[in-house]
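[1] I would like to see how this sequence folds:
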Amino acid sequence: MKNIKLPAGINRAVNKVAFKMKKHAPEILVIAGVGGTIVTTVMACKATTKIDEVLAENKEQIAKTKNYVEETGFSDKYTEKDYQKDLTVMYTQRGLKLFKLYAPAIAVGTISITAILAGHNVLKKRNVALAAAYEVVNKNFKDYRGRVIDRFGNELDRELRYNIRKEEVEKTVIDEKTGKERTVKEITEIADIDPSSEYAKFFDESCPGWTKDPEYNLMFLRNQQQYANDLLESRGYLFLNEVYEMLGIQRTRQGQVIGWIYDKNVIDKVNFGIYNIANPANRRFVNGYERSILLDFNVDGDILNAI
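    Residues are numbered from 1 along each chain as shown. The predicted model follows:
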């Protein structure tokens, strides 16, 4: 028999549908499993309503056998051994009838649980693969930054990371000799917030520990940063979500696996990025001119598999 070759357009459409089904396999399996569980419950309830009908004949046989023994007793023709054997057969038949009655519900329930577990297994494998891929990218980036620092120094690494550039700006000052205002030009550093830092969060009025007092906010953040370092040192690891909770920031999915691993060679490893002088907004916050600040946490990366 020759293989039927589908037209290219139909073949691509079929493959596209198959790819989408594979992509959404976990959701499909879980939904099917939940639906199957509901069907199982309904089938089991319906089967329960038929128990009396299915077992009526069996109950009658058992009752007749017991009544016969009570009325006539045992004899050479019908011994106690025969009686026990008959009861065993009848109870076995009852068990088989019950199994047949509930077998469809049991089968659907088993398939449903298998579907849910299969969906979970697919997600677990994908998460492991994603974590491994992230770890490779994170390691390559850290190795790259390490080579930049070794060759060109920390200053150039800081300039490249935050896109620091020097610009000439005009500033109005009071001349000490004449007491008059005059305009002077000075060189200042301008920096961009790193857009790739997806863990950066604002510490502002939405956080319980925030107040209208800039000095108090700075003191609070420094204390929380020190507490985070103490916790890391005492326990050996620290998740980003734990730091978020310290600051009253909402937990995130990444924060469940991202964090820090203790390194005895690094003092105060956890850094909130408060004193990131490359960012003018941070300087204003530290100097008491701003009440809120964008915190950029220097996490190690995915630590779940490293603990």
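[2] for stretch 236-254, buried residues please.
    237-244, 246-247, 249, 254 (16 or more other C-beta atoms under 10 Å). Every C-beta, even on glycine, is put in place using the N, C-alpha and C of the backbone.
[3] buried ones in stretch 121-131?
    Buried residues in stretch 121-131 (16+ other C-beta under 10 Å): Val122.
[4] just to check, Val69 is in contact with Gln84?
    No. At 10.4 Å, Val69 does not count as touching Gln84 under the criterion of C-beta atoms under 8 Å.
[5] so which of the buried residues of stretch 236-254 belong to strands?
    237-239 (DSSP state E).
[6] where along this protein do the strands fall?
    Using DSSP E, strands in the chain cover 165-174, 181-190, 201-203, 237-239, 258-261, 293-295, 301-302.
[7] for Ala32, find the nearest of these.
    strand 301-302 (31.0 Å; C-beta to C-beta).
[8] show me how far that closest one is from its chain's centre.
    13 Å (C-alpha atoms, centre = their mean, to the nearest Å).
[9] could you do stretch 208-228 as well?
    For stretch 208-228, the distance to the chain centre is 28 Å (C-alpha atoms, centre = their mean).
[10] what is the mean pLDDT for it?
    Averaged over stretch 208-228, pLDDT sits at 94.
[11] in it, what counts as buried?
    Under 16+ other C-beta under 10 Å, the buried positions of stretch 208-228 are 210, 214, 217-218, 220-221, 224-225, 228.
[12] what would the residues you listed look like in JSON lines with distance to Gly153?
    Formatted as JSON lines, the buried residues of stretch 208-228 follow (distance: C-beta to C-beta, whole Å):
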{"residue": "Trp210", "distance to Gly153": "36"}
{"residue": "Pro214", "distance to Gly153": "33"}
{"residue": "Asn217", "distance to Gly153": "33"}
{"residue": "Leu218", "distance to Gly153": "29"}
{"residue": "Phe220", "distance to Gly153": "33"}
{"residue": "Leu221", "distance to Gly153": "28"}
{"residue": "Gln224", "distance to Gly153": "31"}
{"residue": "Gln225", "distance to Gly153": "26"}
{"residue": "Ala228", "distance to Gly153": "28"}
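[13] which one of those is nearest to Ile274?
    Looking across the buried residues of stretch 208-228 and measuring by C-beta to C-beta, the closest to Ile274 is Leu221, at 5.7 Å.
[14] ok, now which ones touch that closest one?
    203, 247, 272, 274, 293, 295 (C-beta atoms under 8 Å, 6 or more residues apart in numbering).
[15] rerun that using 6 Å as the cut-off
    Ile274 (C-beta atoms under 6 Å, 6 or more residues apart in numbering).
[16] and it, how far is that from Tyr237?
    In this structure, Leu221 and Tyr237 are 22 Å apart, going by C-beta to C-beta, to the nearest Å.
[17] swap in Gln254?
    16 Å.
[18] ok, Ile174 next?
    For Ile174 relative to Tyr237 (C-beta to C-beta), the value is 54 Å.
[19] ok, back up a step: from the buried residues of stretch 208-228, which land in helices?
    The helices, defined by DSSP state H, take in 214, 217-218, 220-221, 224-225, 228 from the buried residues of stretch 208-228.
[20] now, which of these sits nearest Val122?
    Closest to Val122, out of all of those and judged by C-beta to C-beta, is Ala228, at 35.4 Å.
[21] wait, isn't the closest one in contact with Val270?
    Yes. Ala228 is within contact range of Val270, at 4.4 Å (criterion: C-beta atoms under 6 Å).
[22] domain-wise, how is the protein divided?
    8-129, 197-302 (automatic domain parsing).
[23] chain center to the first one, what's the gap?
    Going by C-alpha atoms, centre = their mean, the spacing between the C-alpha centre of domain 8-129 and its chain's C-alpha centre is 34 Å.
[24] that one - what's its average pLDDT?
    Per-residue scores along domain 8-129 average to 84.
[25] burial check on Glu135, number of neighbours?
    15 (other C-beta atoms under 10 Å).
[26] quick one: contacts for it?
    Asp302.
[27] so how far is Arg222 from it?
    31 Å.
[28] and Ile293, how close does it get to Pro280?
    For Ile293, the distance to Pro280 - C-beta to C-beta - is 12 Å.
[29] could you find the closest non-adjacent residue to Leu160?
    Setting aside the residues directly before and after it, Leu160 is nearest to Val148 in space (C-beta to C-beta, 6 or more residues apart in numbering), at 7.0 Å.
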